[in-house]
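Participant: Provided below are the primary sequence and the corresponding predicted coordinates.
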Amino acid sequence: MKPSLPQGTRDFGPETVRRRNYIFQTIRSIFELYGFQPLETPAFENIETLLGKYGDEGDKLIFKILNNGLDNPSKHELITTEFGKVLEGKTTRVISERALRYDLTIPFARYVAMNHGKLTFPYKRYQMQPVWRADRPQRGRYREFYQCDADVVGSYSSISDAEFAQIYLEVFVCLGIDIKLKINSRKILNALAQVANAPDKFQVITVAIDKLDKIGIEKVMEELSQKGISTQGLEIIKRFLTLVGSNDKKISQLNSLFVNNEEGKAGIRELVYILQYLDSNQIEVDVTLARGLNYYTGIIYEVKATGVAIGSIGGGGRYDDLTGLFDVPSVPGVGISFGVDRIYDVMMELDLFPKDLEVSTRALFFNLGDSEAKFAFPYMQLLRKNGISCEFYHEQAKLDKQFRYAERKNIPYVVIIGSQEIQENSCLVKQLQTGDQEKVALDGLVNYFTIKT
RNA sequence: GUGGUUGUAGCUCAGUUGGUUAGAGCAUCAGAUUGUGAUUCUGAGGGUCGUGGGUUCGAGCCCCAUCAUCCACCCCA
C-alpha cells in the first residue's frame, strides 16, 4: 500500500525534534523556575468530560472515538437506533464513550476535581502534551499539536495574574521572539454588554468586536446591528472600540464609561493590578480581545508574534469556577497556554533557532578495513565512556564517501586510524569546518576532545 | 463544516490547440582518483503523470468522483 499520514498530522525528523525540544526545554525550565509541577493526563477522556465545555463549535471539533464491538449481533437493534441520533448530530454513549483530548485545561480541571482532597492549594501545575482538533488544517493550524499549559488553582489572588504575564514575557525573551502581549478582562466585556443595554448578547458582542482589526469598525457595527443591538447600544460600543492611546489613557476612558457599573470597575481593577507589575511597553490593554473559550471570567491574555501572520501563539485567562463543571464548587484558577507548533513556525520563519542544535555526534571514526577497525574500536568506546558521542563508519569505503557522511550529519570531527597510525600509536584528527588536521597520540585522544568541548 | 487553489522523478518545476518513446536543474549511485570531503568531467538508475472512473482513434492536458495540499471563512494554539 501507499504510505500516507492522516490529514493535519506530521512526522518530525531529527532536526525538527531537536528544535522542538529546545522550545519545550525553554518553557519547562521557566515553569519550574516559577514553582510549577508537572502533570500528565491520558490522551483520551470519557466523552462527557469534554462535551459541552468548549461551546457548540468546540464540540464539533472534538475527535470522537468509535466504540469497539459495534458489530455485536445481540446489540444490532440498539446500535442502529442510536446511530440514527449520530446522523442528527448527537453523540451517544452507545456509539462513542471516549474522545481525544481537545485542550489541557479541562482534563486538568477534571484532575483537580477528582483530587481536590489530596492537593495542596494553591496548586500549581504545568503540562506539555499533544491535543487534537478535527479542524481543517492550514497555515499554523494542525489537527495534532502540542500545548504547554501552566495553571494555578485555588486562589483568587491577582498576583498570579501578574506572574503569568511575566512568564509570557520571559519565555519569549529567551526564545528571541518579539511579541505583543495583550490583556483584557471578561468582566469589562460583560459590563459593556450591560451598558449597551444588551446583557443577553454578550456572546454576539464579543464575537463581533474580536474581528475589529480584521474587518474594520464599519463591518463590526453592521454585524452588531443585524444581530439586534439598539442604536443607542451601538453608539456606546463604538465609543468603546475607539479607545486609543497608552494603557493609562485607556484605563481612564474605561473608568468614565463604567462609572455606574460594578462589574466594569472590577474588570478595570484587574487590569490595573497587572499593569503595576510590568513596564507599560511590554504589555498592551486591548479591549477588543475576547477569546473564544467560554469558561473565562476575569483577566484574559493573548500573545502574538510581531511580523509573522500566524494567529496567536499563546493565550489564557482566569476562570473562577472551573471545577464546578465536575461538581466541585469554588475552585478558582488562572492559566496560560503556549502553542509550540506555531512558535516553531515563527522561529523557523525568523531564523531564530541556535545553529548548534543539530550537532549530535562529535566525531566519526573512519573505517579503513577490518584489522584497523578492530584496533580503533576500543579507542572510540573510550571516548563514549567519557561522554563524547561518536560513530564508527559502518563499512570500509572510499574516504570521500566517509567524509561526505560526516558532512551530511554535521559531525565536526573525523578520526582516522590506518596502518601508519597504528604503528605510531597515534591518529589523525581532522576538523571538517576548517580543514585543519593534526596528529594526536592515542592515549591523549580523550583529553583532546575534552578540551575541545 | 462552507468556498477556492494546487497535485508530473527523492526535491524544485517545464510539458504547445489532446498526437509517436514525458523532460530539466538539484539530489542519489558508479567511474576519472586504492589515505583526504563542498570544485570539475563522464556515465547510470529512478515516473502505472495523486487515485478511480468517463469522453476520444488517441488523455499529463478535457469531464466526473475521490484523496491529499495550500489559502480564505468559521473558530482557534
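Facilitator: Nice, I can see it.
Participant: For the longest helix belonging to chain A, list every residue counted as buried.
Facilitator: When chain A is scanned for its longest helix (criterion: DSSP state H), the result is helix A:14-33. By neighbour count on 16 or more other CB atoms under 10 Å, the buried set for helix A:14-33 is A:18, A:19, A:20, A:22, A:23, A:26, A:27, A:28, A:30, A:31. C-beta coordinates here come from the backbone N, C-alpha and C atoms, glycine included.
Participant: Repeat that for stretch A:250-270.
Facilitator: The neighbour-count check on stretch A:250-270 (16+ other CB under 10 Å) flags A:250-251, A:253-254, A:257-258, A:261, A:263-268, A:270 as buried.
Participant: With stretch A:308-320 instead?
Facilitator: Using 16+ other CB under 10 Å as the test for burial, stretch A:308-320 gives A:308, A:310, A:312, A:313, A:314, A:315, A:316, A:317, A:318, A:319, A:320.
Participant: Next up, the contacts around the residue nearest to residue A:334 when sequence neighbours are not counted.
Facilitator: Distances taken as CB to CB, 6 or more residues apart in numbering place residue A:318 nearest to residue A:334, at 4.0 Å, with adjacent residues excluded. If a contact means CB atoms under 8 Å, 6 or more residues apart in numbering, then residue A:318 has A:161, A:186, A:270, A:296, A:297, A:298, A:299, A:300, A:332, A:333, A:334 as its contacts.
Participant: mind running it again at 10 Å?
Facilitator: For residue A:318, the contact set (CB atoms under 10 Å, 6 or more residues apart in numbering) comprises A:152, A:156, A:158, A:160-161, A:164, A:185-187, A:270, A:295-301, A:332-335.
Participant: likewise residue A:75?
Facilitator: Contacts for residue A:75 (CB under 10 Å, 6+ apart) come out as A:69, A:82, A:94.
Participant: Okay, and the beta partners of the most centrally placed residue in chain A?
Facilitator: Central residue of chain A (CA atoms, centre = their mean): residue A:339, 2.4 Å from the mean position. Assessed by DSSP bridges, residue A:339 has beta-bridge partners residue A:147.
Participant: Hmm, residue A:316 and it touching each other?
Facilitator: No: using CB atoms under 10 Å, residue A:339 is not in contact with residue A:316; the gap is 11.1 Å.
Participant: any chance you could map the strands in the stretch 301-450 of chain A?
Facilitator: Using DSSP state E, counting those that start in this stretch, the strands of the stretch 301-450 of chain A run over residues A:312-319, A:333-339, A:363-365, A:390-392, A:413-416, A:426-431, A:437-441.
Participant: picking up where we left off before, ok, of the contacts of residue A:318, which come out buried?
Facilitator: Buried members of the contacts of residue A:318, scored by 16+ other CB under 10 Å, are A:152, A:158, A:160-161, A:164, A:185-187, A:270, A:295-301, A:332-335.
Participant: Could you tell me which of these are located in helices?
Facilitator: When DSSP H is applied, those are split such that A:158, A:160, A:161, A:164, A:186, A:187, A:270 fall in helices.
Participant: gap between the two ends of stretch A:275-285?
Facilitator: Length of stretch A:275-285, first residue to last, CA to CA, to the nearest Å: 9 Å.
Participant: State the mean pLDDT of that stretch.
Facilitator: Stretch A:275-285 shows a mean pLDDT of 89.
Participant: neighbours around residue A:367, how many?
Facilitator: 19 (other CB atoms under 10 Å).
Participant: For the residue lying closest to it once chain neighbours are set aside, which residues are in contact?
Facilitator: Using CB to CB, 6+ apart and skipping residues adjacent in sequence, the residue nearest residue A:367 is residue A:393, 4.1 Å away. Contacts were defined as CB under 10 Å, 6+ apart; by that measure residue A:393 touches A:364-368, A:373, A:399, A:401-403, A:405-406, A:414.
Participant: Quick one: buried ones out of those residues?
Facilitator: For these, a burial check counting by 16+ other CB under 10 Å picks out A:364, A:365, A:366, A:367, A:368, A:373, A:402, A:403, A:405, A:406, A:414.
Participant: distance of the residue in the stretch 301-450 of chain A that RNA strand B sits nearest to from residue A:372?
Facilitator: Per CB to the nearest atom of the strand, residue A:418 is where the stretch 301-450 of chain A lies closest to RNA strand B, at 2.3 Å. Here the criterion is CB to CB, to the nearest Å. By it, residue A:418 lies 6 Å from residue A:372.
Participant: Can you pull the phi/psi pair for the residue nearest to residue A:367?
Facilitator: phi -60, psi 140 (degrees, to the nearest 10).
Participant: quick revisit: looking at the buried ones among the contacts of residue A:393, point me to the pair that's furthest apart.
Facilitator: Farthest-apart pair in those is A:373 and A:403; separation 17.2 Å (CB to CB).
Participant: thinking again about what came up before, just put the buried residues of stretch A:250-270 in CSV and tack on secondary structure, distance to RNA strand B and pLDDT.
Facilitator: Shown next, in CSV, are the buried residues of stretch A:250-270 (DSSP: H, G, I helix; E, B strand; the rest coil; distance: CB to the nearest atom of the strand, whole Å; pLDDT from 0 to 100):
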residue, secondary structure, distance to RNA strand B, pLDDT
A:250, helix, 23, 92
A:251, helix, 25, 92
A:253, helix, 26, 91
A:254, helix, 23, 92
A:257, helix, 24, 89
A:258, coil, 24, 90
A:261, coil, 25, 91
A:263, helix, 21, 93
A:264, helix, 22, 93
A:265, helix, 26, 93
A:266, helix, 23, 94
A:267, helix, 19, 94
A:268, helix, 24, 94
A:270, helix, 19, 94
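Participant: Kind regards, and thank you for your time.
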